[in-house]
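Engineer: Here's my sequence, what's the structure:
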Amino acid sequence: MRKMKYVLIAALAMLLVVTACRISFGGDEQDEQSAIQTAIAATLTASGGQSVTQATEPTATTKPQDTEAVPPTKTPLPCNDAYYISETVADGTDFEPGEPFTKSWRLKNVGTGTWNTDYRLKFGSGDQMGGPNSQKLAYSVGPNEQIDIAVELKAPNTPDSYKGTWQVVDDEGETFVYNIWVAIDVVEPEEEAKPDLTITEFSINPETPVMGENAHVRVRAHNDGDADSGGFRMQWYGLSTFAEPSCNWNIAGGLVAGGSVLMECDFAFGSWYPVNKTSVVYIDVNDSVDESDEGNNSASISPFGVSAP
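Structural biologist: Residues are numbered from 1 along each chain as shown. Next up is the predicted model:
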């Protein structure tokens, strides 16, 4: 143990000498360090000690810092958004079979992009009612601007209730307006209101007139229709075979719907006739009134005759 102590002292002395003299080993500072280590090792060996190799400190390696990946900058896409304002053809509107109509929706562009003319109204589902599969917007619509999107449709031929949904898509086919719709009722057409002139009373007094004596005739006309008739004429033929009427009446003011008028006259037959004839009265003789029923414009008395005096 004491011997080892002396050996270490000798080695230390050698280190001081070498350091103080700056002995050059024909190399750089690292070579000098190696030379010192060699000299110490030789001293220890000469002294019968074990060879000691100086541990070399590990060289510090700089660890690269992790850098966070920065995503590429994206240009924000315009936002498509719409606000519903109003529409034409309210839900449940009545149409006759096959009747054409125009449905429109007023929308406001509340997005950030412009709706160009490649944007489309597109049929979605339900009853298409003769409309197109799609159609382009009529003009471009910028942010905060409005547009009336109209489509031409036709009521189906069968009376019923119908509904079809539509959408608005952008120029890439992406839908941004869902389920705007058309809902109508198809009904049987209402008949046009018309007058209907009839004869509700026709009498001759006496029932068998006497030749050369006046017979009194009463004729009541009635309007069974739903509209005013306007002016018309009535004529009575004592015998249906007469070429000329026995009495004429001109109802210039016509008859209101549900109204009636009584017309009278006296007539003397110039001949007698056996009771196998017919006496007839006609209403609207010139067909001047457009009636709902043109087949009830006459009345007759048969058999009819005129007795001899």
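Engineer: Report the contact partners of the residue found closest to Gly92 once you drop the neighbours it is linked to in the chain.
Structural biologist: Take Gly92 and drop its neighbours on the chain: the residue closest to it by C-beta to C-beta, 6 or more residues apart in numbering is Asp185, 5.7 Å away. Using the backbone N, CA and C atoms, a C-beta is placed for each residue, glycine as well. For Asp185, the contact set (C-beta atoms under 8 Å, 6 or more residues apart in numbering) comprises 92-95, 160-162.
Engineer: burial count for Ser292?
Structural biologist: When neighbours are counted by other C-beta atoms under 10 Å, Ser292 registers 16.
Engineer: Where does it sit, in terms of helix or strand?
Structural biologist: Ser292 is part of no helix or strand, with elements assigned from DSSP states H and E.
Engineer: Next, work out how far apart it and Glu191 are.
Structural biologist: 7 Å (C-beta to C-beta, to the nearest Å).
Engineer: Kindly report the same for Val182.
Structural biologist: Val182 is 27 Å from Glu191, by C-beta to C-beta.
Engineer: Who has more neighbours out of the two?
Structural biologist: Counted by other C-beta under 10 Å, Val182 and Glu191 do not tie: Val182 has more neighbours, with 24 against 8.
Engineer: Assumed that one was part of a strand.
Structural biologist: Yes. Under DSSP: H, G, I helix; E, B strand; the rest coil, Val182 sits within a strand.
Engineer: ok, now which ones touch the spatially most central residue of the chain?
Structural biologist: For the chain, Trp181 is the residue whose C-alpha lies nearest the centre (C-alpha atoms, centre = their mean; 3.5 Å). Counting by C-beta under 8 Å, 6+ apart, Trp181 makes contact with 126, 163-166.
Engineer: What sits closest to Gly98 if chain neighbours are left out?
Structural biologist: Closest to Gly98 by C-beta to C-beta, 6+ apart is Asn157, at 5.4 Å.
Engineer: Hmm, Phe95 and that neighbour touching each other?
Structural biologist: No. Between Asn157 and Phe95 there is no contact, the gap being 10.9 Å when judged by C-beta atoms under 8 Å.
Engineer: Compare those two and say which is more crowded by neighbours.
Structural biologist: Just comparing Asn157 and Phe95: by other C-beta under 10 Å the higher neighbour count belongs to Phe95, 21 against 11.
Engineer: and the more buried one, what does it touch?
Structural biologist: Residues near Phe95 by C-beta under 8 Å, 6+ apart: 101, 155, 184-187.
Engineer: Please list only the buried members of those.
Structural biologist: 101, 155, 184, 186 (16 or more other C-beta atoms under 10 Å).
Engineer: Dump those to TSV, plus secondary structure.
Structural biologist: Below are the buried ones among the contacts of Phe95 laid out as TSV (three-state DSSP):
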residue	secondary structure
Phe101	strand
Ala155	coil
Ile184	strand
Val186	strand
